[in-house]
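>>> Sequence and predicted model, in that order:
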Amino acid sequence: MSPPPADGIYGNFTDLKMCTKEEYAKTVKKFNMVASPTMNAHRVVDLFKGLQGMNISNVIDQYDHGLQTATRALKDGCDEETVVVALLHDIGEVLSPVNHGEIAAGILRPYISPANYWTLMHHEVFQAYYYQEAAELNERNARDAFMDSQHFETCLRICEKYDSAAFDPEYENLPLEHFIPMVERVFNKQPYWHPEADYCALNKAKKTLLSAYPTDSTES
C-alpha cells in the first residue's frame, strides 16, 4: 500500500463521499503540484519521445514521421494548434493501431478546435485512401462516408499535404525542441475554450468540473 505524500499535502479522506471543503482544497493544491498543464504537456512530449526507434516498417521511424508532419504544417503556414496536432497525431499508433487517432484526439480534445479534433479522430480513415490499393482493402474510399461533414476538407488537406507525405528520409525536420513551447501553450489553454464545446453534452458537463482539476501552471 502506498503511503500519503511525504510533504503532508493531501486530502485526508478514504471515500469521496466523506470529503470536506477543507480536505478537497488540499487535494486540488497537490493535484496542481503534480499535474499542472505545463507538466502534462511534458508528459505528452515524453510519450512522443518514446516513438524514437519505433519503426512500423517505413523508411523512417514514428518519431521522425511526427516531426516531419509538424514541420511541413508549420512551413506551410498552419496555426500553432494545428502544428501540435500534426506533431502528436500518431502517438497512439502502436498502442491501438486501428483507432490510434482517437488516442491523440482524446488527450488534446479540451484544448483544440472541433475541426482539429475531428481530423485526429478520422485521420486514419482518410490516410487509407492513399494506400488502399497497395493494401488491397476490401472496401475502398471509406473517407467518402464523411463527405457531408464541415470538417471533411480540413482533414483531407492535413492528411494529403502533411501526413501522407511525411515519410521522406531526405526531408529536413525541425527538432522537437522547436515544438515543445507550442505544446506547452496548447495545454495551457482554458479547457473546452472553443464556443462549440457546449454543443456536445459531454464537453459541457466536463466544463462544470474544471474547478476540481488542475488549472494553475505554477508548481508550488
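Nice, I can see it.
>>> the longest helix in the chain is where?
helix 114-135 (DSSP state H).
>>> C-terminal to that one, what's the next element?
helix 152-158 (DSSP states H and E).
>>> and the nearest residue to His151 once chain neighbours are set aside, how many residues sit next to it?
The shortest distance from His151 to any non-neighbouring residue, by C-beta to C-beta, 6 or more residues apart in numbering, is to Trp118 (4.0 Å). Bear in mind the C-beta positions are built from the backbone N, C-alpha and C, glycine included. Neighbourhood size, Trp118 [other C-beta atoms under 10 Å]: 20.
>>> And for Gln127?
19.
>>> residue contacts, it?
Cys159, Asp163, Ser164 (C-beta atoms under 8 Å, 6 or more residues apart in numbering).
>>> would you turn these into TSV with distance to Gly77 and pLDDT?
Listed next are the contacts of Gln127 as TSV, based on distance: C-beta to C-beta, whole Å; pLDDT from 0 to 100:
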residue	distance to Gly77	pLDDT
Cys159	17	98
Asp163	16	98
Ser164	18	97
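>>> for Glu133, what are its contacts?
Neighbouring residues of Glu133 by C-beta under 8 Å, 6+ apart: Arg140.
>>> what helix or strand does Phe48 sit in?
Here Phe48 sits within helix 37-49, counting by DSSP H and E.
>>> How far away from the center of its chain is that helix?
10 Å (C-alpha atoms, centre = their mean, to the nearest Å).
>>> for it, which positions count as buried?
Pro37, Thr38, Met39, Asn40, Ala41, Val44, Val45, Leu47, Phe48 (16 or more other C-beta atoms under 10 Å).
>>> tell me what it is packed against?
helix 62-75, helix 80-88, helix 176-187 (3 or more C-beta pairs under 8 Å, 6 or more residues apart in numbering; DSSP states H and E).
>>> Quick check: which of these is buried the most?
Stretch with highest mean neighbour count among the helices and strands packed on helix 37-49: helix 80-88 (a mean of 25; mean count of other C-beta atoms under 10 Å).
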